[in-house]
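>>> sequence first, then the predicted structure, then my questions.
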Amino acid sequence: MIIDAHGHIGSYVKFYPVRVRTVRETIERMDRADVGAMVVSHLESIAYDPVEGNRRLKDDIEKYPGRFIPFFNVHPRYEEQAAAEIKKCAGDWGWRGLKLHPQFQMYKANCQAVKRIIEQAAKYDCVVLYHSGDSFVGSLCSPVLIADVAKEFPETTVIMGQMGVSDWPEAIEVAKVHKNIILDTTSCIINYGVVEYAVKYLGKERLVWGSDFPLYPFKLGISKIKDCEIDDESKEFILGKNIKDIMGQC
Ligand SMILES: [Zn+2]
């Protein structure tokens with residue numbers, strides 16, 4: 001089964017209005033692209049209000065059991081609120097994913113507050129999915145800053161979304177050192193040969209694919225893996241098995 005390791009539901013205003021905004025339309029598009037399940041966070045939680053976004057996500061995914069793996073979002077600048085959200089989303093609702101977006105929420109990926117938040121989320125065995133960036137766009141969440149967090153929490157799986165964008169060589173380097181880092185090919189421009197190189201250097205277990213839906217279509221993300229020159233087993237791992245195993249172990 002194809003499992004998308006990085007998608008969203010909802011609307012968003014930063015660059016352009018998105019075409020698909022509802023969970024029903026999201027499911028329709030997943031079916032068309034043969035995506036069985038998807039890791040999701042709500043765009044509302046990242047772009048505006050974490051508490052409201054997490055609540056909307058709960059409402060949405062409950063209509064489609066088995067199709068979504070929910071990741072909640074918190075903002076480290078509102079630490080008390082963040083602590084309450086972790087308790088609610090991970091403790092009461094049983095969600096096992098924390099999505100962090102330092103670029104939009106304007107904090108440094110390895111600030112002390114975010115480390116305290118991860119420490120708390122780790123008590124519930126949460127996987128941490130970071131949006132990452134490069135020196136051009138998103139230096140607040142560069143691979144090196146995320147690696148600093150991964151080093152401090154070696155028992156926590158840290159998924160590096162966008163795998164550093166154009167700083168992908170650095171992403172691969174830090175993932176080599178910190179075995180708890182998983183690279184995620186979501187919405188980054190994959191130069192010819194990058195996936196091949198990452199699989200060779202790190203192993204097929206260390207990559208997952210993501211769409212960044214609804215910002216990008218599913219098939220674009222899938223083709224980055226399907227059309228690259230790695231063996232079929234590696235493709236199977238990256239397209240679904242790896243994220244299934246990671247979330248299953250939580
Ligand atoms: Zn994202």
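Yep, that arrived.
>>> how many neighbours does the nearest residue to K63 once chain neighbours are set aside have?
Closest residue to K63 apart from its sequence neighbours, by Cβ to Cβ, 6 or more residues apart in numbering: V23 at 6.3 Å. Bear in mind the C-beta positions are built from the backbone N, C-alpha and C, glycine included. Around V23 sit 22 other residues, with neighbours defined as other Cβ atoms under 10 Å.
>>> show the contacting residues for V23.
The contact partners of V23, by Cβ atoms under 8 Å, 6 or more residues apart in numbering, come to I9, D60, I61, K63, Y64.
>>> these in strands, which ones?
Among the contacts of V23, the members found in strands (DSSP state E) are I9.
>>> among the contacts of V23, which one sits closest to H131?
Using Cβ to Cβ, I9 comes nearest to H131 of the contacts of V23, at 16.1 Å.
>>> shouldn't the closest one be in contact with D59?
No - counting by Cβ atoms under 8 Å, I9 sits too far from D59 to count as a contact (10.1 Å).
>>> where does V137 land on pLDDT?
Note on V137: pLDDT of 83.
>>> specify the local secondary structure of it.
Put simply, V137 is coil when judged by DSSP: H, G, I helix; E, B strand; the rest coil.
>>> what about the strands in the chain?
For the chain, applying DSSP E gives strands covering 2-9, 35-42, 68-70, 72-73, 97-100, 127-131, 158-161, 181-184, 207-208.
>>> isn't D125 right up against R96?
Yes - with contacts counted by Cβ under 8 Å, D125 reaches R96, the gap being 6.2 Å.
>>> out of the two, which sits in the more crowded spot?
Between D125 and R96, counted using other Cβ under 10 Å, R96 has the larger neighbour count: 22 against 13.
>>> now do the contacts for the more buried one.
Applying Cβ under 8 Å, 6+ apart to R96 gives the contacts I69, A90, Y124, D125, C126, V127, M247, C250.
>>> farthest-separated two in these?
I69 and Y124 (14.7 Å).
>>> including distance to K235 and mean pLDDT, could the strands of the chain go into a markdown table?
Formatted as a markdown table, the strands of the chain follow (distance: least, Cβ to Cβ, whole Å; pLDDT from 0 to 100):
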| stretch | distance to K235 | mean pLDDT |
| --- | --- | --- |
| strand 2-9 | 10 | 97 |
| strand 35-42 | 15 | 98 |
| strand 68-70 | 20 | 98 |
| strand 72-73 | 30 | 98 |
| strand 97-100 | 24 | 98 |
| strand 127-131 | 21 | 98 |
| strand 158-161 | 19 | 98 |
| strand 181-184 | 15 | 98 |
| strand 207-208 | 10 | 98 |
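>>> turn those into JSON lines, including distance to A175.
Listed next are these as JSON lines, based on distance: least, Cβ to Cβ, whole Å:
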{"stretch": "strand 2-9", "distance to A175": "15"}
{"stretch": "strand 35-42", "distance to A175": "19"}
{"stretch": "strand 68-70", "distance to A175": "21"}
{"stretch": "strand 72-73", "distance to A175": "23"}
{"stretch": "strand 97-100", "distance to A175": "17"}
{"stretch": "strand 127-131", "distance to A175": "12"}
{"stretch": "strand 158-161", "distance to A175": "7"}
{"stretch": "strand 181-184", "distance to A175": "4"}
{"stretch": "strand 207-208", "distance to A175": "9"}
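>>> quick one: which of these is nearest V174?
Minimum separation from V174 across the strands of the chain (Cβ to Cβ) falls at strand 181-184, 6.3 Å.
>>> check which helices and strands the closest one sits against.
Helices and strands touching strand 181-184, by 3 or more Cβ pairs under 8 Å, 6 or more residues apart in numbering; DSSP states H and E, are helix 143-152, strand 158-161, helix 168-177, strand 207-208.
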